[in-house]
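J.: I would like the atomic coordinates for the input below:
(4 chains)
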2 protein chains.
Amino acid sequence: MVTIADVARHAGVAASTVSYVLSGKRAISTDTRERVQRSVRALGYRPNASARALASQRSNVLALVIPLRTDMHVPVMMQFAAAIVTTARRYDHDVLLLTADEGPEGLERVAQSSLVDALVVMDIELHDQRVPVLRELPMPSVLIGYPDDADGLTCIDLDFVAAGARCVDHLADLGHRSLALLGTPTTVYERQTAFAQRTLTGFEEAAERRGVLGVETPCEHTFDAVLHTVQRLLDNHPDITGLVVQNEPIIGPLLDVLRRLGRRVPEDMSLVAICADDVAERQVPRLSSVTIPAERIGGQAVESLISKLEGADVAALTLLPAALTARESSCQAPHRDLTTA
Amino acid sequence: MVTIADVARHAGVAASTVSYVLSGKRAISTDTRERVQRSVRALGYRPNASARALASQRSNVLALVIPLRTDMHVPVMMQFAAAIVTTARRYDHDVLLLTADEGPEGLERVAQSSLVDALVVMDIELHDQRVPVLRELPMPSVLIGYPDDADGLTCIDLDFVAAGARCVDHLADLGHRSLALLGTPTTVYERQTAFAQRTLTGFEEAAERRGVLGVETPCEHTFDAVLHTVQRLLDNHPDITGLVVQNEPIIGPLLDVLRRLGRRVPEDMSLVAICADDVAERQVPRLSSVTIPAERIGGQAVESLISKLEGADVAALTLLPAALTARESSCQAPHRDLTTA
DNA sequence: TTGAAAGCGCTAACAC
DNA sequence: GTGTTAGCGCTTTCAA
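T.: Modelled structure (predicted):
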C-alpha cells in the first residue's frame, strides 16, 4: 500500500505538503504542486479512507435508510436510491445502505460510531420512532417524508396532501360526483406511513370541499385483491365514475379488472394515478397522473445534507408542488340519467 | 464523544483491556469483564469506526455494486439488495452502495482507499470490463452473475442456461413444437448481460436438442412494445403455442395482450416465466415459472465473502439449479389439425 | 511557501 | 490476566 509518506519521499517534500496539495487547503507553489501530483500518479497513491476520516472527523459517507419490505418493493424506491447515490458522488460522498428494519438503533449505531457524517431517512411514518432519535443525533439528517412532529428536522417530500386534493379537483372539475381512492396495502396504512396518510387527508378534504363522495380503500398487490376490491367498491357505490390510484404495482391489473367488469377507461371510469411519469405513460390508455419526482427529491435531499455539513441553514420543510398531467385516462363524467334520481 | 480511554478510566483498567473485552480476543477475568461492560453501558460508549478500521485494517464494510439503470428498475433488484444487507448485518458488516455506472474506477476507488473490505458485484456482462480489475484488487469479491472468463473469481448465480433449457423442456414435454422466448429490452442484450445471454443459450440448445422451433425476441417495457412484439411474433410464426418470458415488468401487459389477441392462456398459448415466485403467483392465471432465488443468491454471496475474508476457500462457481414450478399458465399443446399439414 | 510534530481513537504485539 | 506502547495513515496547528 502506498502511503502519503511514500509520495512525500518521492516528491521530496513533507507529508503535510502532499496533504495540502490534495486538499487545496493552503497555497502551494506551482512547482511543488506539479511535482507532488506527478508523484501521486507515478505511485498510484490513494488516500486511506479510515485514516482520513479519523484525522479529519469526516467519513464522507452518508447513510441511506430505505424500506426493503415486500409492500415497498417498487421501482420508485430504486429511482430514489439512484438519485441519492448519484448526487452524493457528485459531492464526493459515498452512501451506506441501511434497511428500515434496523430501526432507531441502526441510526444510532452508524451515527455514534462515526461511520457516516449524515443521514437520509425514507419511508417516514406520521409518528416515527426514529424522529426523536434523529433530533438528538450529533449530525445532520434529512427526512424524505413529513412526520407529524417535524420540529427541528429537515424534511423534503412531494406535497401528498396537495396530490390527493389535486386528483379530486381534476375529477370534480370534469363533473365526477362520486370518487374512490384505491390506496396502498393495508400494512402501509397501519404503519401510518406519512405519504399514504397525507394523501388520504388531501383526498378527504378536497372531496368535502367539492361536495363529492370520496370513498377510500386499501388494496393488496395481487390480481385477486384488485378484482375483489374493485368489485366490492362498485357494488357498494355504483355511482363511482372516478378513481384515484396510489399503488404502483396494481395499475396494470386494475386496468385489466376494469375491462373485465365492462368499464371502459375513460368513458365509463376516469382514472388518475399518483406515480412516476414513466409508469403512467406506458399504460394503455396513458394515465393522467400526479408524478412522484423521485430524482428531484433524492437529489435535493443530498444537497440539503451537504449544505448542512458545510454549516449552512436549510429550509426545515420543502414540499414539492403536486402537478397533475392530464393524459388519456380521465375525461368528462358520463351523462347522468336525471330521471332515475 | 466517549472514547475507549474514558471507558478504561471509568472501569479502572487499561484501554487495551477494554478493547479485548469488546473483541473477545483474549481471556479476561469475569470480574474485569463485567466492570468494563458496566462502564461501556454507563458511558454509552461506541467504538469509533474509522479508528478501528485504521488500526485493524478492516472497515467491516462490503461494497454492493448494483445496476440502477431504467431497464433494470425491477423489484427483483430490491430483493437482492435486501438479502445482501440483511446477511451482511448478521455478520456485523455494513453495505456501501455503488451504482454500476461508476464503472471499474469505482471499484478501484473504494477498494484501494480501504473504504470496504470486499465487494459484491451484480449485473455482470459476458465480457465485463470490471472482471480484470476485480482480479487484481487486493481484496475478495463475489460476482452475482457468470462472465465468460471467470478465472480466479468467485461467481454465484442461478443457472440461467439450465433455466432457459428447463422452460423449453417443460413446454416440449407438453407437446409444444413452436416456442418463442420473449426477452429483456434490447439494451440488455447489447450490453451482453450474462443472465440474458445464458438464458438465450439454454433456450437455443434445448430447442435444437428437442427438435422444436425456438424464436427469440427482445421486448421493451411499454404496453405498445409488448403488443407489437407479440403481434409480429404471431404473424411470422402462427404456429407458436409456447412462450418463455424473461422480462418481469411486461408480464402483466403480456397477459393482457394475449387476451386482446384472442389467445387464451393456457388453452391456446402456454406461458412459462423466469421470475420471482411471488410475481408468478399473483398473476391470473398463476404462471408456471423458474424462480429467481434472489434471497438465496444474495445471502450466499455475502456468506462466501465473509468466508473469504476469514481466509477460507470457497467454490469458484456456484450455479443454483433451475427448478420449474408448473402452475396454471402451461398445459398440453392444442391438438394440431394434421390434415392441414 | 513549506516542514515538523502532535494527535485522531483504536488494535495488537510485547512484556510481565 | 493485565498493562504498556508502538503504530495504523492521515490532517492540521504551530513554527519557521
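J.: Averaged pLDDT, the one helix or strand A:Ala196 maps to. What do you get?
T.: Per DSSP states H and E, A:Ala196 falls inside helix A:194-210. Averaged over helix A:194-210, pLDDT sits at 98.
J.: Can you mark which positions in it are buried?
T.: Residues of helix A:194-210 classed as buried by neighbour count (16 or more other CB atoms under 10 Å in any protein chain shown): A:194-200, A:202-204, A:206-207, A:210. Every C-beta, even on glycine, is put in place using the N, C-alpha and C of the backbone.
J.: Make JSON lines out of the residues you listed and add distance to chain B.
T.: Shown next, in JSON lines, are those (distance: CB to the nearest CB, whole Å):
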{"residue": "A:Ala194", "distance to chain B": "20"}
{"residue": "A:Phe195", "distance to chain B": "18"}
{"residue": "A:Ala196", "distance to chain B": "19"}
{"residue": "A:Gln197", "distance to chain B": "23"}
{"residue": "A:Arg198", "distance to chain B": "24"}
{"residue": "A:Thr199", "distance to chain B": "22"}
{"residue": "A:Leu200", "distance to chain B": "25"}
{"residue": "A:Gly202", "distance to chain B": "27"}
{"residue": "A:Phe203", "distance to chain B": "26"}
{"residue": "A:Glu204", "distance to chain B": "30"}
{"residue": "A:Ala206", "distance to chain B": "30"}
{"residue": "A:Ala207", "distance to chain B": "30"}
{"residue": "A:Arg210", "distance to chain B": "32"}
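J.: Output the helix holding A:Ala196 as PDB, restricted to C-alpha atoms.
T.: Presented in PDB, the C-alpha positions along helix A:194-210 are these (Å, rounded to 0.1, in the frame of the first residue of the first chain):
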ATOM      1  CA  ALA A 194     -46.800   9.500   6.000                       C
ATOM      2  CA  PHE A 195     -47.200   9.700   2.300                       C
ATOM      3  CA  ALA A 196     -50.200   7.400   2.300                       C
ATOM      4  CA  GLN A 197     -51.900   9.100   5.200                       C
ATOM      5  CA  ARG A 198     -51.400  12.600   3.900                       C
ATOM      6  CA  THR A 199     -52.800  11.600   0.500                       C
ATOM      7  CA  LEU A 200     -55.800  10.400   2.300                       C
ATOM      8  CA  THR A 201     -56.200  13.700   4.100                       C
ATOM      9  CA  GLY A 202     -55.900  15.700   0.900                       C
ATOM     10  CA  PHE A 203     -58.400  13.400  -0.800                       C
ATOM     11  CA  GLU A 204     -60.900  13.700   2.100                       C
ATOM     12  CA  GLU A 205     -60.600  17.400   2.500                       C
ATOM     13  CA  ALA A 206     -61.000  18.000  -1.200                       C
ATOM     14  CA  ALA A 207     -64.000  15.700  -1.500                       C
ATOM     15  CA  GLU A 208     -65.600  17.500   1.300                       C
ATOM     16  CA  ARG A 209     -64.800  20.900  -0.100                       C
ATOM     17  CA  ARG A 210     -66.100  20.000  -3.500                       C
END
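J.: And it, what does it pack against?
T.: strand A:154-158, helix A:160-173, strand A:178-182, helix A:186-190, strand A:213-217 (3 or more CB pairs under 8 Å, 6 or more residues apart in numbering or on different chains; DSSP states H and E).
J.: and the two most separated of the buried residues of helix A:194-210?
T.: A:Ala194 and A:Arg210 (24.2 Å; CB to CB).
J.: what's in contact with stretch A:252-267?
T.: A:182, A:223, A:226-227, A:230-231, A:234, A:243, A:245, A:268-269, A:271, A:283-285, A:328-331, A:334, B:252-253, B:255-256 (CB atoms under 8 Å, 6 or more residues apart in numbering or on different chains).
J.: Nearest residue to A:Leu213 in space, please, no chain neighbours.
T.: A:Ser178 (4.2 Å; CB to CB, 6 or more residues apart in numbering or on different chains).
J.: ok, how many other residues are close to the residue of the stretch 201-341 of chain A found nearest chain B?
T.: Closest approach between the stretch 201-341 of chain A and chain B, counting by CB to the nearest CB: A:Gly252, at 3.5 Å. The number of residues packed near A:Gly252 is 23, by other CB atoms under 10 Å in any protein chain shown.
J.: Same check on the one 3 residues further on?
T.: Counted with other CB under 10 Å, the burial measure for A:Leu255 works out to 23 neighbours.
J.: A:Glu102 now?
T.: 18.
J.: so what pLDDT did A:Leu254 get?
T.: So, for A:Leu254, pLDDT stands at 95.
J.: A helix includes it, no?
T.: Yes. Looking at A:Leu254 with DSSP: H, G, I helix; E, B strand; the rest coil, it is inside a helix.
J.: Contact partners for the residue nearest to A:Leu213?
T.: A:212-213, A:215, A:237, A:239-242.
J.: Now list the buried members of those residues.
T.: A:212, A:215, A:240-242.
J.: Can you add distance to chain B and give those back as JSON lines?
T.: Formatted as JSON lines, those follow (distance: CB to the nearest CB, whole Å):
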{"residue": "A:Val212", "distance to chain B": "30"}
{"residue": "A:Val215", "distance to chain B": "24"}
{"residue": "A:Ile240", "distance to chain B": "23"}
{"residue": "A:Thr241", "distance to chain B": "23"}
{"residue": "A:Gly242", "distance to chain B": "22"}
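J.: Widest-spaced pair of those residues?
T.: Farthest pair in the buried ones among the contacts of A:Ser178, by CB to CB: A:Val215 and A:Thr241, 12.0 Å.
J.: Spit out the residues that contact these two alike.
T.: Common neighbours of A:Val215 and A:Thr241, counting by CB under 8 Å, 6+ apart, are A:178-179.
J.: can you give me the strands for the stretch 1-150 of chain A?
T.: For the stretch 1-150 of chain A, strands defined by DSSP state E, counting those that start in this stretch occupy the ranges A:61-66, A:94-99, A:118-121, A:141-144.
J.: would you list those strands in TSV and tack on distance to B:Phe160?
T.: Formatted as TSV, the strands of the stretch 1-150 of chain A follow (distance: least, CB to CB, whole Å):
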stretch	distance to B:Phe160
strand A:61-66	28
strand A:94-99	26
strand A:118-121	35
strand A:141-144	35
